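**Q** sequence first, then the predicted structure:
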Amino acid sequence: MNRNVLVFTEMKGSVLRQVSLEALSLGQKIAGDGSLVAAVFGSQASRYAEVLGQHGADQVMVFADPQFDRYQADIYYHAYRKVIQATNPDVILAGHTVNMKDVAPRIASRFGYGLISDCTNVELNGHDLSFIRPIYAGKAFEKKRFTTENMFVTIRPNNFKAEPSPKVQEVVFCEADNVDVQTVIRDIVLKSTGAIDLAEAKIVISGGRGVKSKEGFGPLNELASVLGGATGASRGACDEGYCDYGMQIGQTGKVITPDLYIACGISGAIQHVAGMSNSKVIIAINKDPEAPIFQIADYGIVGDLFEIVPLLTEEFRRR
Ligand code: FAD
């Protein structure tokens, strides 16, 4: 088996997204004896050429240009086009991120690639490739195969392992073209959801209406900080004004797959579960033993979150 695989990596600020390394590791498996090229963009891009080589890239294309520090569809589209024309990949891989959701269909349609998005698993059977993705808000999974020769796949963060695999990589420095942009971003209002990106966090402590106030999130934030995780929320908590909608997990919020999800004072409505049911381990803390969240939890604690969460924090802090 040999395929030429291209991975579009992505930065968050000046830091490479973890899902980009996960895509590279997957790319290595799909490429077999073929080539694996990674493209990296932004003023800090050169810093990551070596890291990408350490994760299996044979060649790294570096666009070290500050115009990529802010996502703008036209600018990125033109750079992606340049990379595709230079490498002519059989398979393109990228993280299933907000920016990729925007630009991937455009690339796929312009270059005649089939597109399968939000994959959580891939089956490699000789030359055959099948892609697994959740459907019906995570209640079922579908297995898909491409009917096109060229494939574009976006992967959900935290579902593939990023495994170091050092290669002697070639680094190519590329110039971005001057692009006549169709839309201009005038302002970005950033709402902080903590230091760790919720979509990529390995541990998420989430609060629901049971948290009862903005201040009620204090103990959850503390536990998250001790465990090195991020804080999330149900829509119930967001609607009550206890926290920002940027923290919402679920069907109309973020879909996440952490290693550990601790749901505090969350009933477990289907729309919430759609955003977290694929977490590797789920712990639920709820006063109501009949709360539906216990049906999907690996571990359940029936009790008052304001008593249990500080006890957990204290215990983890000691270890
Ligand atoms: P509740 O259902 O009110 O549950 C609060 C829980 O806290 C209860 O189980 C209670 O027993 C427990 N509790 C109370 N006090 C304590 C305490 N001291 N200690 C421990 N437990 C306590 N919801 C989402 O979360 N995400 C979405 O993306 C989303 N999208 C939606 C889309 C649509 C179209 C619709 C119609 C709804 C959507 N919802 C979504 C809303 C969803 O249906 C629920 O209303 C919401 O998830 C409920 O939030 P909750 O569990 O925090 O609140």
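**A** Perfect, thanks for sending it. Computed from a predicted model, the values in this text were never measured in an experiment.
**Q** the closest residue to Lys29 other than its chain neighbours: how many residues sit nearby?
**A** Residue nearest to Lys29 in three dimensions, not counting chain neighbours: Leu124, with 6.1 Å by CB to CB, 6 or more residues apart in numbering. (C-beta placed from N, C-alpha, C; glycine too.) With neighbours defined by other CB atoms under 10 Å, the count for Leu124 comes to 13.
**Q** now do Ser234
**A** Using other CB under 10 Å, Ser234 is surrounded by 33 other residues.
**Q** do Arg318 as well
**A** The number of residues packed near Arg318 is 7, by other CB under 10 Å.
**Q** look up how far Lys202 lies from it.
**A** According to CB to CB, to the nearest Å, Arg318 and Lys202 sit 21 Å apart.
**Q** just to revisit the earlier point, after the host helix or strand of the residue nearest to Lys29 comes which helix or strand?
**A** Following DSSP states H and E, one finds Leu124 within strand 121-125. Toward the C-terminal end, the helix or strand that comes next after strand 121-125 (DSSP H and E) is strand 128-135.
**Q** from the contact counts, what lies against that next one?
**A** In terms of contacts (3 or more CB pairs under 8 Å, 6 or more residues apart in numbering; DSSP states H and E), strand 128-135 is packed against strand 114-119, strand 121-125, strand 140-144.
**Q** Lys12 against Ile196, yeah?
**A** No. Applying CB atoms under 8 Å, one finds Lys12 not in contact with Ile196, separated by 10.7 Å.
**Q** how near is the nearest residue to Asp74 once chain neighbours are set aside to Thr9?
**A** Residue nearest to Asp74 in three dimensions, not counting chain neighbours: Val181, with 4.4 Å by CB to CB, 6+ apart. Distance of Val181 to Thr9, computed by CB to CB: 22 Å.
**Q** and what of Leu260?
**A** When Leu260 is compared with Thr9 (using CB to CB), they lie 26 Å apart.
**Q** more neighbours: these two, which one.
**A** Thr9 (27 against 17).
**Q** can you give me the helices in the protein?
**A** Here the chain has its helices, by DSSP state H, at 18-31, 49-54, 73-87, 98-111, 218-227, 235-239, 270-273, 293-296, 305-318.
**Q** and the ligand, which of the ones you listed is closest to it?
**A** helix 235-239 (2.5 Å; CB to the nearest ligand atom).
**Q** show me how far that closest one is from its chain's centre.
**A** 22 Å (CA atoms, centre = their mean, to the nearest Å).
**Q** how about that helix against the ligand, any contact?
**A** Yes. Counting by CB under 6 Å from any ligand atom, the ligand is contacted by helix 235-239 at Arg235, Gly236, Ala237.
**Q** return the set of buried residues in that helix.
**A** For helix 235-239, the neighbour count (16 or more other CB atoms under 10 Å) marks Arg235, Gly236, Ala237, Cys238 as buried.
**Q** which residues of the stretch 201-319 of the chain score low on pLDDT?
**A** Under the criterion pLDDT under 70, no range of the stretch 201-319 of the chain is flagged.
**Q** enumerate the residues of it near the ligand.
**A** 208-210, 234-237, 248-253, 265-267, 269, 271-272, 275, 285-288, 291, 304-306.
**Q** just the buried ones from these?
**A** Using 16+ other CB under 10 Å as the burial test, those include 208-210, 234-237, 248-251, 253, 265-267, 269, 272, 275, 285-286, 291, 305-306 as buried.
**Q** re the thing from before, now the residues of helix 235-239 next to the ligand in a markdown table, with distance to Ala104?
**A** Shown next, in a markdown table, are the residues of helix 235-239 next to the ligand (distance: CB to CB, whole Å):
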| residue | distance to Ala104 |
| --- | --- |
| Arg235 | 27 |
| Gly236 | 32 |
| Ala237 | 31 |
